[in-house]
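generate coordinates for the sequence data below:
(2 chains)
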Amino acid sequence: MNNRSIISGIDWWTIGLFLVIALFGWLNIYGSSYSFDQTSIWDFSNRAGKQLVWLATAIVMGGIILMIEEKAYDVLGYIFYGAMILLLIITPLLAHDIKGSLSWLTIGPISLQPAEFAKCFTAIAVAKFMSQYGYKVRGFRDLIVPFLLIGIPMLIIMIAQRETGSALVFGSFLLVFYRQGMSGYVLSGGVVCVVLFLLVILFSETSLPIGLGNMGQLLSTLVIHAIVIALLGFKQRDIRAVIIVGIGVVVCYGIGLLVNIWIPVNMNYIGIASLIFTVIYLLLHALVDRRSSLGWIIGFVILVTSLCQGCDFAFNNILQEHQRTRIEVLLGMKDDPKGAGYNVNQSLIAIGSGQVTGKGFLQGTQTKLKFVPEQDTDFIFCTVGEEWGFVGSAGLLLLYLALILRIIYIAERQRDKFSMIYAYCVAAILLFHVTINIGMVLGLLPVIGIPLPFFSYGGSSLWGFTILLAIMLRLDAARVNKMQG
Amino acid sequence: MINDKNYNRRYVIAGIAVLVVLTYIVRLFVLQVIDQSTQGKAETNAQLRQTIYPSRGLIYDRNGELIVANQPIYEVTVTVHEMQNTVFDTLGFCEKLQITPEAFNERMQQICNPRKNRGFSRFSPQVFMGQLRQEEIAALQQELYKYDGVYIRYRTLRDYIYPIASHVLGSVGEVNQRDLERDKYYAIGDYSGRDGVERTYEKALRGEKGLKVLMRDSRGRVQGRYKNGELDRSAVTGENLYLGLDIQTQLVAEKLMHGKVGSIVAIEPQTGEVLALVSSPNWDPSTLVGQDRSANYQALLTDSLKPLMNRATQAQYSPGSTFKVLQALIGLQEKVITQSTQYVCNGSGSRPIRCTHSHGRYIDLEEGIEQSCNPYFWSMYKDLLQRKGYVGENEGFKDCYQEWRDHVMSFGLGNRFDDTDIREQASGAIPSVELYDKIYGKTGWKALTIRSLSIGQGEILVTPLQLANQAAAIANKGYYITPHLNKSDSMKSEIHRTSIDEKYFDVVHRGMARVMSDGTGRWYNVPELQICGKTGTVENPHGEDHALFIGFAPQDDPKIAIAVAVENAGFGSKTACPIATLVIEQYLTGKITRSWLYDEMEKINLIKN
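You can find the predicted model right below:
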């Protein structure tokens, strides 16, 4: 295949969006690392100068990737993956501790974060595995290997390198699995778990108007029951079961309230009792009436109930102190603008003070004067908000949306399953980064330090994302050639 | 990948992306477009607002001589937040300021305690040491860069060239809570005029504070000017104030009042400008400046002689014999007497009021004034009040009394002056018909009842300021301009006419001249000054009589009108009169020729310890 056909097959929309975002990003890095007494833009010792070097090398690297035979990724996929896992394991042994993280490898003058490249190679491995001949997601069994493929780097990064944010990114592959046939209940189940977790944490200190116990646990049992009844009614169309479960709940709480007249009753126990009743009933119902499809509802109830019960425990004992505070601050349980909430508070002031059109390039006081921490890496969106206002920040969000939608469009037009799955991985990873990063800056999500793709300062992340995108473009360009040939 | 049963799931995934972005855009809209509160917070974060204090306006006397200037002082301020970001060299800092580390710690604790220091903020400069002189901060200034969070602030304090005129000038002190609420101009720690002309002319004297807005970063380090100084304002120096005071005359007047309780007020009759205003005892105004202000002020506040009271404008005395000149004028105006009318005086055997001087049996008006003859003025007063007889409920008599009272009050007696810049004033009192009706019943009082008024005793009360003004009105032959301190023309707009025609004044002037040449003031006359005067001795039920004197000079073209009151000094002719003549001499000639008299007067000490 010659280079001319590659150029004609390249998706210029994606390249254009990439360049616009990356250059806008560089402008903001220049802005946020600019100090008021600086004179030259072309000073390569400062962050903006360095980032320019990173950007140029990234583009060169992308160009090289576009020239490599696309078959290489499919063929060498597992070898890349294996090598990457090895690198991830070695990294914490060689790395210096930087703010508690062991994820940096220093080679000569440059420092790289292998975790940023792990996403790309995991995506290749996942795509390779899921695109093999005859592979289909029929049940959970088929997803064991894909889950392992994302689980292994995730665990290494989380435990050995202590980089929770970078590890969580691998969760984005769930979207890819979903597209390939994984049950939608896993996704919704995940959402339900998050909602329940938040309910339990948020209302764990609120006492009930009647009886003992706390509002969080009570709400969680009620929500679980509501989901069970909804599933039985709408999915199983088993009206009898709906009535029996409903009566069971009413009776349980009725007894609880009645006894409460004489002895104070812990309503949380009543809630658990009613769930136990429901599980026993559903088990009997499944065995007697041979309704094996009830099995996963039972599984869901047991899993979620134990999760809720363990939630307080996990929150108080498993999460690290700073993670706990971040969640508490986010949920408004702790108001502490000078402490843990300081970053987010200053970030909101920065963004809010930008108003409709922003303060103008290099005019942002919040970011220039370093009130916002990490202002050129994880919190760079603040600079956009402060200096470019609503117009600039909403515009950037729309650029990301356009890029992600374009990648989904590219994924869907692939004839080759490997390319399609890989492209979805790219879309999912970008979506996850944008969601978590900007959600954090906007004070909607807990503070999880992951970069904004193509935008945040940092060579590893820029290289990693560029490679990720370039491989996809190369695969997409091959599609055109295949069609021609 | 069309032939795929999960094909529609692409919409779910795309939908999630759209939903996330839409949610975030809504959030951005709320933050950036709807919520306006963050703008201010960002500014508070980034701005370091430094006040530039203007120099207070200077105060000059009537001849353009500087009497109140400014002296620079320095304040060392600390910003706790900035100090905590570095290793602070406490020992070095203490050495530069010559304090002990213990004192440093104690002061820092004081600063950081919000209960003791209510305006405390870790992010704004707090005064560590105030009122320092140039030489005291020089050592620190040189190495200021070593101490993060330490700044030196320049302020000005009052510098008094003369240790006098405290009641006129007043003082400058820190603003209190009420000032802060009333006037948004002030901030905690600002200075403002607390009393005297400093207070009256505060708005002109204070000028306008300037502002320098600097940018500071999250550690409080200054990063340059905010928006290139767009918000900066330079300070506007306060306007200078020119007083009518003649500082040399004031100096002599204060020296003469040394050791006495009382006051002197001198006025330029044509303009109403106060030439000298002394209330004794007083204080050196420079003692109420700087670090010792509050302690010294407290001492003045608790002093049993009440030095803070302005006796020149707030003390009230019966005018005594000085009132007789006014009585004469009213009698002439109401045609009860002419300048040749004679009354009989039986000397010390006179009834109901005896005479305290010895002179001929029949005396006319000029001699009556010269000799301060009580029977003369009683007889005249009786004729004045009874000329319409007592009819019914004494209406005729009360009419006459009311007319008399109106005449008296047309000289500015019995009321505060309201068109003046003299703040503290007592009103004095000219008893009203209603008052006597209340005391004696509607028909219970007659001329005889109120006979003391004829010689300026009884219920009548005046202030030295009013007496001086009365002297000015007599000097002007029938009008006065309200006495005031500021030399500017704005105060001179209104001419107050008395109810006495000009033609009646000459005889009174002659009488007052005779007081000085042949009467009670003859021992202290300086003929070339042409002083017209009238002494008074006010009966004081609590002790020794008060000595009063009013007068003006020169007779042909009066340049100064004066009132002197010396408490517990006995005869007016003994102290008040000589003091007045010395003040007049100083003002008119610029020198004292009778230094023996001056020394003698200065030495008189009437304050018992």
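
name the residue closest to the centre of chain B, please.
Centroid-nearest residue in chain B: B:G196, 2.5 Å away (criterion: CA atoms, centre = their mean).

surely that one touches B:S171?
Yes: when contacts are counted by CB atoms under 8 Å, B:G196 is listed as touching B:S171 (6.9 Å). Any C-beta I mention is one placed from the backbone N, CA and C, and that applies to glycine too.

thinking again about what came up before, report the contact partners of the residue nearest to the centre of chain B.
Remark: with contacts taken as CB atoms under 8 Å, 6 or more residues apart in numbering or on different chains, B:G196 is in contact with B:S166, B:H167, B:V168, B:L169, B:G170, B:S171, B:R423.

just the buried residues of those.
Neighbour-count burial within these applies to B:S166, B:H167, B:V168, B:L169, B:G170, B:S171; the criterion is 16 or more other CB atoms under 10 Å in any protein chain shown.

would you mind naming what in the stretch 101-250 of chain A lies close to chain B?
Within the stretch 101-250 of chain A, the positions near chain B by CB under 8 Å from any CB of the partner chain are A:L175, A:Y178, A:R179, A:Q180, A:G181, A:G184.

show the buried residues in these.
Buried members of these, scored by 16+ other CB under 10 Å, are A:L175, A:Y178, A:R179, A:Q180, A:G181.

thought A:S274 was touching A:I255?
No: applying CB under 8 Å, one finds A:S274 not in contact with A:I255, separated by 9.8 Å.

circling back to that earlier point, report the spatially nearest residue to the residue nearest to the centre of chain B, omitting neighbours in sequence.
Distance criterion CB to CB, 6 or more residues apart in numbering or on different chains; nearest residue to B:G196, sequence neighbours excluded, is B:G170 at 2.0 Å.

need the phi and psi values for B:R225.
Dihedral pair for B:R225: phi -90, psi 140, per degrees, to the nearest 10.

how close does the closest residue to it other than its chain neighbours sit to chain A?
Of all residues not flanking B:R225 in the chain, B:L214 sits nearest, at 6.0 Å (CB to CB, 6+ apart). Counting by CB to the nearest CB, to the nearest Å, the gap from B:L214 to chain A is 11 Å.

what does the host helix or strand of A:N345 contact?
Here A:N345 is covered by helix A:342-354, with elements defined by DSSP states H and E. Applying CB under 8 Å, 6+ apart, the contact partners of helix A:342-354 are A:329-330, A:336-337, A:359, A:364, A:366-367, A:371-374, A:379, A:381-383, A:385-390, A:392-393, A:440-443, A:447, B:28, B:31-32, B:35, B:37-39, B:41-43, B:45.

which is the next helix or strand following that helix?
As assigned by DSSP H and E, the chain's next helix or strand after helix A:342-354 is helix A:365-368.

after that next one comes which helix or strand?
Later in the chain than helix A:365-368, the nearest helix or strand by DSSP H and E is helix A:380-412.

average pLDDT for that next one, rounded please.
Across helix A:380-412, pLDDT averages out at 94.

how about the helix or strand that it is followed by, which residues are buried there?
Using DSSP H and E, the helix or strand that follows helix A:380-412 in sequence is helix A:417-441. By 16+ other CB under 10 Å, the buried positions in helix A:417-441 come out as A:417-441.

so which of the residues you listed also contact chain B?
The overlap between those and the neighbours of chain B (CB under 8 Å from any CB) comes to A:K417, A:M420, A:Y424, A:A427, A:A428, A:L431, A:V434, A:T435, A:I438, A:G439.

any chance of these in a markdown table, with pLDDT too?
Compiled in a markdown table, those are given as follows (pLDDT from 0 to 100):
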| residue | pLDDT |
| --- | --- |
| A:K417 | 90 |
| A:M420 | 93 |
| A:Y424 | 95 |
| A:A427 | 96 |
| A:A428 | 96 |
| A:L431 | 96 |
| A:V434 | 96 |
| A:T435 | 94 |
| A:I438 | 94 |
| A:G439 | 91 |
